[in-house]
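Peer 1: okay, predicted coordinates and the sequence, questions at the end:
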Amino acid sequence: MLQNYKFVKIVTKSSLLIFLLIGLSTLASAQIAMTTEALETQQAFDLDYSIKQEYQSSDEVEQNFPEGVHKYLKSANDGDAVSQYIVGAMYLNGEGVAENYDQAIAWFTKAANQNDIDAQYILGALYFEGVNVDRDYTKARKWFLKAANQGEPNAQYALASIYSSGLGIDSDYLEASKWFRKSAEQGNINAQFFIGLLYLEGKGVKKNYSEAIKWFTTAAEQGDSKSQVNLGWMYLNGLGVNFDHIKSLSWYRKAKEQGDNSVLHPLGNRREELIKNE
């Protein structure tokens, strides 16, 4: 078995589009970044396909790939899950071997069946996106679930999105909220926003403005513009917090400074006056 491997990022990235079609709401959507009112958004996050291997620099990788490919293929054929994942990544990216998606899927599947968490996550992503395979939400959910149960936060977020969207399965906000929360607790900003949104609207959880504020704040402080807009709206309306037009304006401003042109500030004619009085 290969040991003491390092993580080396390889070039290929993919944008996983999560279609969140989550319900109806009566909230004033012109003043809030996002509600679940006929929400149809493409929530993208990058998948960094990371190759586990023992080389220490890109120069060494280039120089030693022929030897490395042989080593990993031998170990993979002997049943080593880490090597199977690495060989899959090589075929996926055409690194040291000719690009071959069928071979990539086959090796990732071998590794995933031995509970390699990275292989499980990548398989879920490939089936979700339909990358050189037929798009299959059922298979995507299967592999995301396996990785999510091992604690992979991006898989937990993707799985929650599938449950909330009803992709290949009936919508299930209870399951969605469970997995959004698990991912959010591990620092996934998108998950932090969405669990806040579910608390705001009482989808899959009991409506709780204080919890919504907590999660929106956590994400907003890391620069999530959607959460910043929603915080501005909640401070303006005194939901889960005392009414505070100064904080409201501050959060709207932060979102606007990040280029969030969707922000329609609800303070109307009072806006300039508030700015002058700060």
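Peer 2: Yes, it's here.
Peer 1: quick one, strands of the stretch 101-250 of the chain?
Peer 2: For the stretch 101-250 of the chain, strands defined by DSSP state E, counting those that start in this stretch do not occur.
Peer 1: where exactly do the helices run in it?
Peer 2: Using DSSP state H, counting those that start in this stretch, the helices of the stretch 101-250 of the chain run over residues 101-112, 117-129, 137-149, 153-165, 173-185, 189-201, 209-220, 225-237, 245-257.
Peer 1: which parts of stretch 186-202 are buried?
Peer 2: The neighbour-count check on stretch 186-202 (16 or more other Cβ atoms under 10 Å) flags 188-201 as buried. In this view, the C-beta of every residue, glycine as well, is placed from N, C-alpha and C.
Peer 1: can you tell me the average pLDDT over stretch 209-226?
Peer 2: Averaged over stretch 209-226, pLDDT sits at 97.
Peer 1: likewise stretch 80-93?
Peer 2: Here stretch 80-93 scores 93 as its mean pLDDT.
Peer 1: for the stretch 51-200 of the chain, which spans come out with low pLDDT?
Peer 2: Along the stretch 51-200 of the chain, segments meeting pLDDT under 70 span 51-66.
Peer 1: can you put the buried residues of stretch 186-202 in CSV and add distance to residue 226?
Peer 2: Shown next, in CSV, are these (distance: Cβ to Cβ, whole Å):
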residue, distance to residue 226
188, 14
189, 10
190, 9
191, 12
192, 10
193, 5
194, 9
195, 13
196, 9
197, 9
198, 14
199, 14
200, 12
201, 14
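Peer 1: nearest to residue 106 among the residues you listed?
Peer 2: For these, the residue nearest residue 106 by Cβ to Cβ is residue 188; the value is 29.6 Å.
Peer 1: okay but that closest one is in contact with residue 155, surely?
Peer 2: No: using Cβ atoms under 8 Å, residue 188 is not in contact with residue 155, being 10.1 Å away.
Peer 1: hmm, back to that, of the helices of the stretch 101-250 of the chain, which is nearest residue 82?
Peer 2: helix 101-112 (7.5 Å).
Peer 1: send me the closest one as CSV with only the CA atoms.
Peer 2: Extracted in CSV, the C-alpha atoms of helix 101-112 (Å, rounded to 0.1, in the frame of the first residue of the first chain):
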residue,chain,number,x,y,z
TYR,A,101,-13.6,8.9,-18.9
ASP,A,102,-14.7,5.3,-19.0
GLN,A,103,-11.5,4.3,-17.3
ALA,A,104,-11.8,7.1,-14.9
ILE,A,105,-15.3,6.1,-13.9
ALA,A,106,-14.3,2.5,-13.6
TRP,A,107,-11.3,3.2,-11.3
PHE,A,108,-13.2,5.8,-9.2
THR,A,109,-16.0,3.2,-8.8
LYS,A,110,-13.5,0.6,-7.6
ALA,A,111,-12.1,3.0,-5.0
ALA,A,112,-15.5,4.3,-4.0
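Peer 1: so which elements touch it?
Peer 2: Counting contacts by 3 or more Cβ pairs under 8 Å, 6 or more residues apart in numbering; DSSP states H and E, helix 101-112 is packed against helix 81-93, helix 117-129.
Peer 1: among those, which is nearest residue 234?
Peer 2: Closest among these, using Cβ to Cβ: helix 117-129, at 32.1 Å.
Peer 1: which residues does the closest one contact?
Peer 2: By Cβ atoms under 8 Å, 6 or more residues apart in numbering, the surrounding residues in contact with helix 117-129 are 14, 16-17, 47, 49-50, 52, 81, 84-85, 88-89, 92, 105, 108-109, 111-112, 131-133, 135-137, 139-144, 146-147, 150-152, 154-155, 158, 162.
Peer 1: hmm, which of those residues are the buried ones?
Peer 2: Buried, going by 16+ other Cβ under 10 Å: 14, 16, 47, 49, 52, 81, 84-85, 88-89, 92, 105, 108-109, 111-112, 131, 137, 139-144, 146-147, 152, 154-155, 158, 162, out of those.
Peer 1: out of the helices and strands packed on helix 101-112, nearest to residue 226?
Peer 2: helix 117-129 (21.8 Å).
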